[in-house]
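S.K.: Fold the following.
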Amino acid sequence: MATFPPYPPHPGHPAGGVPGHGPRVRWWQRNWVRHGALIALLTLSGLVILALVRQQTGTEGFLVGLGLAVLPVPLLLAAFRWLDRVDPGPWRNLLFSFAWGACAAALIAIVANSFATRWIATTTADPTSADTLGATVIAPIVEESAKAAAVLLVFLFRRRDFTGIVDGVVIAGVTATGFAFTENILYLGTAFGTDQLTGDRGFTSVTAATFFVRIVMSPFAHPLFTVLTGIGFGIAALSPDRHHIRRVLVPLTGLLLAMGMHAIWNGSSTFGQYGFFEVYGVFMVPMFGLLTWLAVWTRQRELRTVREELPAYVYAGWLTPAEPFVLGSMKARRLAREYARHRLGRQAARSVARYEAHATSLAFLRHRAARGRAGADFVVRERELLHELWLRREVARPALDYAARRTAPPVPVVVPPWPPVYGSYGTPLYNPYRS
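M.R.: Model (predicted):
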């Protein structure tokens with residue numbers, strides 16, 4: 001673990017360097033160019049998918065579908081955000097994931113599925129078989145690949161924010177939520193148009209049946225499929241950089257499992273009169289329970305990592321003795337934020353929340369370093385996080401001490417008489433601010 005100088009250099013410049021004398025950055029490598037191109041791509045995809053869906057459903061059907069399809073979205077997003085509360089990722093990653101799923105992935109799916117199904121029908125002269133093959137084979141491959149592209153992009157270009165299984169689950173789940181949102185607009189709007197032609201109303205209408213199946217019974221279907229891909233990328237993020245084969249094969253395995261699960265779900269209607277309910281009860285519900293348990297267990301494991309890794313910084317003087325316990329408990333963290341909000345206002349509560357997030361990232365960074373998974377920027381990243389903690393200590397520590405008194409067991413917290421703590425890079429961990 002590297003030592004921490006009193007005044008670390010600005011992260012935008014190399015240590016000891018002079019501003020403006022770094023390597024030249026070409027115009028296409030600038031962040032504003034990349035962000036602008038990505039926003040333009042997603043905006044264009046959104047406009048095209050909006051026009052296509054409205055063309056197929058009509059204006060009235062589109063509005064009805066939009067109103068019904070939006071209902072499960074807040075619940076799903078809240079569930080994934082809750083799962084990500086231990087080490088919350090940036091909002092920009094979630095916004096990108098949802099927009100990619102709702103716009104880019106949905107556009108790819110509509111165009112590719114329509115083209116493939118039409119080509120099969122023309123080649124085989126059997127439209128019925130083409131529709132079945134398109135739903136059970138083509139659609140799972142195309143849709144899961146399109147959604148997986150968002151997870152891959154975050155994994156490659158936001159690697160600092162993608163550190164484990166929970167991050168993979170959240171990014172994949174939010175992407176799939178956006179995709180399901182657009183798809184539900186199309187299905188519900190088309191069903192409403194069918195009811196307008198047939199005159200069906202109420203619970204016997206196609207709209208009611210579609211709403212029950214897609215919104216009530218299976219709003220988690222698409223997130224459940226894509227989460228398997230996210231788990232694969234999460235395991236790859238936990239693997240050392242030298243394990244190249246594992247870092248490639250595990251995400252591909254997750255993607256194949258997602259495609260297979262999607263194919264079984266889409267093919268359930270061909271399994272007989274009760275095929276849908278059999279697949280739902282025997283396959284989908286148990287898988288949903290299993291993956292939910294895995295996600296919650298991983299979340300608890302992250303909290304345990306925080307409690308186990310942060311005491312090293314207590315010995316060095318960066319943290320108070322009670323902070324590892326508080327930061328490893330979601331209840332205590334919430335009490336600390338509430339205390340800061342009631343005493344000092346919302347800005348103080350946000351500072352405490354940032355302190356908690358930085359401390360959690362620091363614990364995960366040390367955890368990866370202890371297992372040989374730290375990147376080349378380990379020293380710089382550790383300095384950044386420690387500096388962020390030190391800047392917020394005056395506001396955060398009283399709130400964390402209050403939370404510790406409210407939640408800690410009735411035993412004194414004593415720092416063990418450890419020998420000097422050494423980090424992963426052989427240098428002693430110390431605090432230059434401590435006198």
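S.K.: any idea which helix or strand carries residue 258?
M.R.: Applying DSSP states H and E as the criterion places residue 258 in helix 244-266.
S.K.: and after that helix, which helix or strand comes next?
M.R.: Next element after helix 244-266 (DSSP H and E): helix 275-279.
S.K.: average pLDDT for that next one?
M.R.: Per-residue pLDDT over helix 275-279 has a mean of 84.
S.K.: What are the buried residues along the helix holding residue 258?
M.R.: 247, 250-251, 254-255, 257-259, 261-266 (16 or more other Cβ atoms under 10 Å). Backbone N, C-alpha and C define where each C-beta goes, glycine included.
S.K.: Columns distance to residue 198 on top of the residues you listed, output as CSV?
M.R.: Shown next, in CSV, are these (distance: Cβ to Cβ, whole Å):
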residue, distance to residue 198
247, 53
250, 49
251, 45
254, 42
255, 40
257, 39
258, 36
259, 35
261, 34
262, 30
263, 31
264, 31
265, 27
266, 25
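S.K.: Which neighbouring elements make contact with the helix or strand of the chain with the lowest mean pLDDT?
M.R.: Considering only helices and strands, the least confidently modelled element of the chain by mean pLDDT, DSSP states H and E is helix 127-133, at a mean of 79. Packing partners of helix 127-133 (3 or more Cβ pairs under 8 Å, 6 or more residues apart in numbering; DSSP states H and E): helix 106-124.
S.K.: for the helix it packs on, packing partners?
M.R.: helix 31-69, helix 127-133, helix 139-157, helix 165-198.
S.K.: Point out where the stretch 151-300 of the chain drops to low pLDDT.
M.R.: 241 (pLDDT under 70).
S.K.: and if you look at the stretch 1-150 of the chain?
M.R.: 1-29.
S.K.: again, 90 this time
M.R.: For the stretch 1-150 of the chain, applying pLDDT under 90 flags the ranges 1-39, 83-90, 113-136.
S.K.: just the helices in the stretch 301-435 of the chain please.
M.R.: 311-315, 323-327, 330-344, 346-370, 378-407 (DSSP state H, counting those that start in this stretch).
S.K.: Helix, strand or coil: sort out residue 94 for me.
M.R.: helix (DSSP: H, G, I helix; E, B strand; the rest coil).
S.K.: unless I'm mixing things up, it is touching residue 170, no?
M.R.: Yes: counting by Cβ atoms under 8 Å, residue 170 is a contact partner of residue 94 at 7.5 Å.
S.K.: hey, what's in contact with both of the two?
M.R.: residue 81 (Cβ atoms under 8 Å, 6 or more residues apart in numbering).
S.K.: In terms of neighbours, single out the busier of the two.
M.R.: Between residue 94 and residue 170, counting by other Cβ atoms under 10 Å, residue 170 is the more crowded of the two (28 against 23).
S.K.: do you know how far that one is from residue 162?
M.R.: 10 Å (Cβ to Cβ, to the nearest Å).
S.K.: quick revisit: for the least confident helix or strand of the chain, buried residues please.
M.R.: Quick answer for helix 127-133 (16+ other Cβ under 10 Å): 130, 132, 133.
S.K.: Quick check, residue 344 in contact with residue 394.
M.R.: No: in this structure, residue 344 is not within contact of residue 394 by Cβ under 8 Å, at 10.5 Å.
S.K.: higher neighbour count, these two?
M.R.: Per other Cβ under 10 Å, whichever of residue 344 and residue 394 has more neighbours is residue 344, with 15 against 10.
S.K.: Next one: the closest residue to the more buried one other than its chain neighbours from residue 154, what distance?
M.R.: Leaving aside its chain neighbours, residue 344 sits nearest to residue 395 (6.8 Å; criterion: Cβ to Cβ, 6 or more residues apart in numbering). Per Cβ to Cβ, residue 395 is found 31 Å from residue 154.
S.K.: Compare the two (neighbour count), which wins?
M.R.: Neighbours were counted for residue 395 and for residue 154 using other Cβ under 10 Å; residue 154 has more, 26 against 20.
S.K.: close enough to count as contact, that one and residue 95?
M.R.: No: under the criterion of Cβ under 8 Å, residue 154 makes no contact with residue 95, lying 11.5 Å away.
S.K.: Determine how far the last residue of stretch 307-319 lies from the first.
M.R.: 12 Å (Cα to Cα, to the nearest Å).
S.K.: for that stretch, which positions count as buried?
M.R.: 309, 310, 311, 312, 313, 314, 315, 316, 318, 319.
S.K.: Equivalent analysis for stretch 76-90, please.
M.R.: Neighbour-count burial for stretch 76-90 [16+ other Cβ under 10 Å]: 76, 77, 79, 80, 81, 83, 84, 85, 86, 87, 88, 89.
S.K.: in which helix or strand would I find the third one?
M.R.: Pointing back at residue 79 there. Secondary structure (DSSP H and E) places residue 79 in helix 73-83.
S.K.: What helices and strands are in contact with that helix?
M.R.: Using 3+ Cβ pairs under 8 Å, 6+ apart: helix 73-83 touches helix 91-99, helix 165-198, helix 285-309.
S.K.: May I have the first one as CSV, with CA atoms only?
M.R.: The C-alpha atoms that make up helix 91-99 are tabulated as CSV, following Å, rounded to 0.1, in the frame of the first residue of the first chain:
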residue,chain,number,x,y,z
TRP,A,91,-26.2,7.7,-12.1
ARG,A,92,-24.7,8.3,-15.6
ASN,A,93,-24.1,4.5,-15.9
LEU,A,94,-27.7,3.7,-15.0
LEU,A,95,-29.1,6.4,-17.4
PHE,A,96,-26.9,5.0,-20.2
SER,A,97,-28.0,1.4,-19.5
PHE,A,98,-31.7,2.3,-19.4
ALA,A,99,-31.4,4.4,-22.6
